[in-house]
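Participant: One predicted model, sequence on top.
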Amino acid sequence: MPVLFPLLAILIWAANTVVSKAAADLIDPAAISFYRWVIAALALSPFCLPPLWRRRADLRPWLGKLLVLAALGMVLYQCLAYYAAHQTSATNMGVIGSLIPLLTVVLGALFFGNRPGRQAISGVLISLLGVLWLLGKGHPASLLGGVNPGDLMMLAGSTSYALYGLLLRRWQLPFGPWLNLYLQVLLAVVLLIPVAASADSLAVTGEAIGLVLFAGLASSLFAAYCWLRGLATLGPERTAIFMNLMPLLTALIAVVSLGEPIHGYHLLGGGLILAGVAISQYRPRRVALTTESV
């Protein structure tokens, strides 16, 4: 069944959010950020290095754009998520991450001249209310006294990934999905070297090995493969709907594996965010009218 591919991808990414939280007490966030992409690069190299070598002459005009994409989508987004996990819950991370489609609409309007319709604007406002409710733990006025730094880092990371998605579609890199991914992974490893050097410790304990491997293989590669298969079989619009399951699956996994409590403000705030996303993405089917000659 084609729907299993995007569903499995979202399930893995939701689990990876919980893995980020579980790893917070076991490994330095700078270390797991670095090791994750090193593992992904090593896994892809046997398949992607030969075609990359053959197309090496075509790389130079695209290196700057690839560097920006790697910085936004793999360095900033992932690093901020790992650091956020030290100060906020996996449930909050999943709910805030579900804002990415809405942030894409906002950034597209601000920087690329995309004119959102009334429906999209309504969705943004509803989701914004949900964010304020969530960050204020049911009391938005309390935000005047400050916001959890972890929530802010996750929000900044989600904004970075939304910009990544806009630029990726705008630039239309010519190397194909897997080679594009491989190039960005390689550049991310280079960009993360100074980050790894700043880590208090690069040691990986026995308990953390499985978490690092999950992030580097399941989340970075297998989920990406499933998502690409979903795009190919269902199309981008039907596949994107599955993103709405991310906060629900993240919360369920966090409750079962980490024992995180679910509060009323999670339900209301998350519900408003998802409602806003659904409203902004809803496209009514057009029924083709046919006439029959009598």
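Facilitator: Right, received. Where do you want to start?
Participant: Which secondary structure element of this protein has the lowest mean pLDDT?
Facilitator: Here the helix or strand of the chain ranked lowest by mean pLDDT, DSSP states H and E is helix 236-240, holding a mean of 65.
Participant: okay, the next helix or strand after that helix in PDB with CA atoms only?
Facilitator: Downstream of helix 236-240, the first helix or strand assigned by DSSP states H and E is helix 246-258. The C-alpha trace of helix 246-258 is given here as PDB (Å, rounded to 0.1, in the frame of the first residue of the first chain):
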ATOM      1  CA  MET A 246       3.800  14.100  13.700                       C
ATOM      2  CA  PRO A 247       2.800  15.800  17.000                       C
ATOM      3  CA  LEU A 248       0.300  13.000  17.800                       C
ATOM      4  CA  LEU A 249       2.800  10.200  17.100                       C
ATOM      5  CA  THR A 250       5.600  12.000  19.000                       C
ATOM      6  CA  ALA A 251       3.300  12.500  22.000                       C
ATOM      7  CA  LEU A 252       2.200   8.900  22.000                       C
ATOM      8  CA  ILE A 253       5.800   7.600  21.800                       C
ATOM      9  CA  ALA A 254       7.000  10.000  24.400                       C
ATOM     10  CA  VAL A 255       4.200   8.900  26.800                       C
ATOM     11  CA  VAL A 256       5.000   5.200  26.400                       C
ATOM     12  CA  SER A 257       8.800   5.400  26.300                       C
ATOM     13  CA  LEU A 258       9.700   8.400  28.400                       C
END
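Participant: What's the first helix or strand after helix 246-258?
Facilitator: helix 264-281.
Participant: Can you spell out which helices and strands pack onto that next one?
Facilitator: helix 90-97, helix 100-111, helix 118-135, helix 246-258 (3 or more Cβ pairs under 8 Å, 6 or more residues apart in numbering; DSSP states H and E). For glycine as for every other residue, the C-beta is placed from the backbone atoms N, C-alpha and C.
Participant: Please tell me how far Leu135 sits from Asp151.
Facilitator: Distance, Leu135 to Asp151, by Cβ to Cβ, to the nearest Å: 5 Å.
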